[in-house]
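Participant: build me a model from this:
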Amino acid sequence: TMMFLSDMRKITIEAKERKLLDSSMGLLETSIRDLRSAMEEWRKSDSKERSYIKAVEELVVNIKRKHHIQFVMSHHGLEKKLSPLIKHTLFRITQEFIENTIKYAKADTVLLDVIMYREKLVFTYEDNGIGFDQLSVPKGYGLSSVESKILSMDGFLEINTRPGNGFMAMIEVPVNGGSL
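Facilitator: As a prediction, this is how the structure comes out:
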């Protein structure tokens, strides 16, 4: 697919089609980069044995070294071990949200809450940044990727943001008795 789309860039096409092609290439490049990055992270550590909470705590320590952001994390009901798929996906989503906070939000506080309740994992991410207008700001590759990951697990994503009011995302993913 990547080679086909790269070849398509060499062809003269209308601006509308060029925009769609560039968007497709960007999404594909982001997906490939994310996959490579995720695979490298998992290879570098014993992440299969680490909990999601421990992995995020390590990520936060590294982020705090470079950025002045306070993280508040809470979790409840995670005594049951998360499957590698959910753990990995949730970690990647957490990374994406943190990256967006750093790049765009100008936030100094991030709240992370993870709850396991009635065979559902409920994840809430909130920052006190500048927010944005969801209707006028197009969804970027990162948020599109997050949405795709959640939908692939039969999950649900709700985003609540507006200028001056920060960003909040709530995710629900079914755990199906621990099979995910």
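Participant: could you use CA atoms for every contact and neighbour count after this?
Facilitator: Noted.
Participant: where does the chain have low pLDDT?
Facilitator: Applying pLDDT under 70 to the chain flags the ranges 1-10, 12-13, 31-32, 34-49, 177-180.
Participant: what does stretch 145-159 rub up against?
Facilitator: 27, 31, 89, 93, 96, 167-174 (C-alpha atoms under 8 Å, 6 or more residues apart in numbering).
Participant: next step: these restricted to helices.
Facilitator: Those of the contacts of stretch 145-159 mapping onto helices are 27, 31, 89, 93, 96, per DSSP state H.
Participant: let's see if you can find the most crowded of the contacts of stretch 145-159.
Facilitator: Highest neighbour count within these: residue 167, with 24 neighbours (other C-alpha atoms under 10 Å).
Participant: my read: it touches residue 133, true?
Facilitator: No: using C-alpha atoms under 8 Å, residue 167 is not in contact with residue 133, being 10.3 Å away.
Participant: overlap of the contact sets of those two?
Facilitator: Joint contacts of residue 167 and residue 133 (C-alpha under 8 Å, 6+ apart) are residue 161.
Participant: which residues in this protein form strands?
Facilitator: Ranges of strands in the chain, per DSSP state E, are 70-76, 109-117, 120-127, 156-161, 167-174.
Participant: any idea how far residue 22 is from the spatially most central residue of the chain?
Facilitator: With distances taken as C-alpha atoms, centre = their mean, residue 93 lies nearest the centre of the chain, 2.2 Å away. For residue 93, the distance to residue 22 equals 23 Å [C-alpha to C-alpha, to the nearest Å].
Participant: how about residue 86?
Facilitator: 30 Å.
Participant: which one of these two has more residues nearby?
Facilitator: residue 86 (20 against 16).
Participant: distance-wise, check the more buried one relative to residue 102.
Facilitator: In terms of C-alpha to C-alpha, residue 86 sits 24 Å off from residue 102.
Participant: swap in residue 168?
Facilitator: For residue 168, the distance to residue 102 - C-alpha to C-alpha - is 15 Å.
Participant: with residue 96 instead?
Facilitator: Counting by C-alpha to C-alpha, the gap from residue 96 to residue 102 is 10 Å.
Participant: ok, residue 140 next?
Facilitator: 15 Å.
Participant: next one: residue 64
Facilitator: 11 Å.
Participant: that older thread, so who does the residue nearest to the centre of the chain touch?
Facilitator: residue 146.
Participant: now the closest residue to residue 105 other than its chain neighbours: phi and psi?
Facilitator: The shortest distance from residue 105 to any non-neighbouring residue, by C-alpha to C-alpha, 6 or more residues apart in numbering, is to residue 129 (4.4 Å). With angles defined as degrees, to the nearest 10, residue 129 sits at phi -80, psi -160.
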